[in-house]
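Got a sequence here, can you model it:
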Amino acid sequence: MAEAAPGRVRHLALVGCTASGKSQVALEAARRLGDVEIVTVDSMQVYRGMDIGTAKPSVEERSEVPHHLVDLADPGEEWTLARWVSQARAAVAGIEARGHRALLVGGTGLYFQALVDGLAPPGRFPEVRAELESEPDTAALHRRLGQLDPDAASRMEPSNRRRVVRALEVCVGSGVPFSSFGPGLRAYPATPWRLAGLWLPRAVVASRVDARLEQMVQAGLVEEVDGLRRRALSRTARQALGYREVLEHLEQDRPLADALDEAKRRTRAFSRRQRMWWRRDPRIAWYGTAENPLAVTARILGDWRRP
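Coordinates of the predicted model:
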């Protein structure tokens, strides 16, 4: 890994699968160090009003430690990687200008890699997209993606229409596989960021996923989704974990228990894919704990302080 230039602020990226405790550890690290600002790497926390279901940091937490890239867009907007990268680079530049350190934390792998590796997001091809959107069968689109870009197809659910269409749009419009834009998603160049990964046993993560969703319901997730659906919701927002299933309960009379079971299943599957994504990156130093994520905070901070 490349060392930071003399005098340059050395930032940390904390990664890991959903429900692994990244946000807890990041907040505790920021409290202990005092000169840290958190940059959130989450494609759904950018949406205003999508608070409970995205496990967004609370108002109190954001007042205690600065958080960036939260509440940037209305839920009716289609959010893009290019917009996020632009905002993230500006946020990090501002943090450096204040003499502080950035702590990048979240689970959206493509966003993370685009920032730490300086990837250029692929372009837009509206005519191609319009043609793809005319095909109602998302599974058929996923099979087509599998022929053009097997690597990209293997990383997404066949039912995730937004991601499937976007990947196909790039493949068809640019003639280049979606999975290989920039230096390639399997390229791991030297980076001035220190990369740390939080690891918990799979069974523990699965239990935390289920418990967290139950807590979200108790905190008012169904009511939050009900309020959001009365406004325009983008395709991106409607596909968010938990939101899609609760929308099916509210709009299609799906029993709530069934919807929540599906949300848990889909979140656990997403967690497994995240784990596989992160484990491919040899630059990440992993910090494991049997159950309590905060147990590794001191070790992470000790390594971060080292040159």
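
Which strand or helix spans the closest residue in space to residue 148 that isn't next to it in sequence?
Of all residues not flanking residue 148 in the chain, residue 171 sits nearest, at 4.5 Å (CB to CB, 6 or more residues apart in numbering). The way it works is simple: take the backbone N, C-alpha and C, and place the C-beta from them, glycine included. Using DSSP states H and E, residue 171 sits in helix 161-174.

So residue 139: helix, strand or coil?
helix (DSSP: H, G, I helix; E, B strand; the rest coil).

and the residue nearest the centre of the chain, what does it touch?
By CA atoms, centre = their mean, the mean C-alpha position of the chain lies nearest to residue 108, the distance being 2.1 Å. By CB atoms under 8 Å, 6 or more residues apart in numbering, the contact set of residue 108 is 41, 42, 43.

Same question for residue 234.
Contact analysis of residue 234 by CB under 8 Å, 6+ apart lists 75, 76, 77, 78, 79.

Compare the residues you listed and tell me which has the most neighbours.
Compared across those, residue 75 has the highest neighbour count, 22 neighbours, by other CB atoms under 10 Å.

what comes into contact with stretch 292-303?
Here stretch 292-303 makes contact (CB under 8 Å, 6+ apart) with 12, 14, 20-22, 24-25, 28-29, 32-33, 194, 196, 198, 200, 285, 287-289.

same thing but 7 Å
With contacts defined as CB atoms under 7 Å, 6 or more residues apart in numbering, stretch 292-303 is touched by 20-21, 24-25, 28-29, 32, 196, 198, 200, 285, 287, 289.

Out of those residues, which is nearest to residue 147?
residue 20 (34.2 Å; CB to CB).

tell me the contacts of the residue nearest to residue 233 when sequence neighbours are not counted?
The spatial neighbour of residue 233 that comes closest, neighbours along the chain excluded (CB to CB, 6+ apart), is residue 75 at 5.2 Å. Applying CB under 7 Å, 6+ apart to residue 75 gives the contacts 47, 48, 49, 50, 228, 231, 233, 234, 237.

What is the three-state secondary structure of residue 75?
Look at residue 75: counting by three-state DSSP, its state is coil.

secondary structure element for residue 63?
helix 59-64.

what element comes up after that helix heading to the C-terminus?
strand 67-68.

just checking, what packs against that following strand?
In this structure, strand 67-68 packs against strand 36-41, with contacts taken as 3 or more CB pairs under 7 Å, 6 or more residues apart in numbering; DSSP states H and E.

Name the surrounding residues that touch the strand it packs on.
Here strand 36-41 makes contact (CB under 7 Å, 6+ apart) with 26, 29-30, 65-70, 88, 91-92, 95, 100-106, 108, 111-112.

and what of stretch 169-184?
For stretch 169-184, using CB under 7 Å, 6+ apart, the contacting residues are 117, 119-120, 122-123, 125, 128-129, 132, 145, 148-149, 151-152, 167, 185, 189.

now what about the helix ranked longest in the chain, what contacts it?
Criterion DSSP state H: the longest helix present in the chain is helix 256-279. With contacts defined as CB under 7 Å, 6+ apart, helix 256-279 is touched by 15-19, 107, 109, 155, 197, 205-206, 209-210, 213, 217, 241-242, 245-246, 248-249, 284.

Three-state assignment for residue 103, please.
strand.

Could you measure from residue 30 over to residue 216?
Residue 30 is 24 Å from residue 216, where distance means CB to CB, to the nearest Å.

again with residue 224
Separation of residue 224 from residue 216 (CB to CB) stands at 9 Å.

Could you pull out the residues contacting both of these two?
Jointly contacting residue 224 and residue 216 under the rule CB under 7 Å, 6+ apart are 52, 53.

Strands of the stretch 1-150 of the chain, start to end?
12-15, 36-41, 67-68, 101-106 (DSSP state E, counting those that start in this stretch).

Mind putting these into TSV with mean neighbour count?
Shown next, in TSV, are those (neighbours: other CB atoms under 10 Å):
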stretch	mean neighbour count
strand 12-15	24
strand 36-41	24
strand 67-68	22
strand 101-106	25
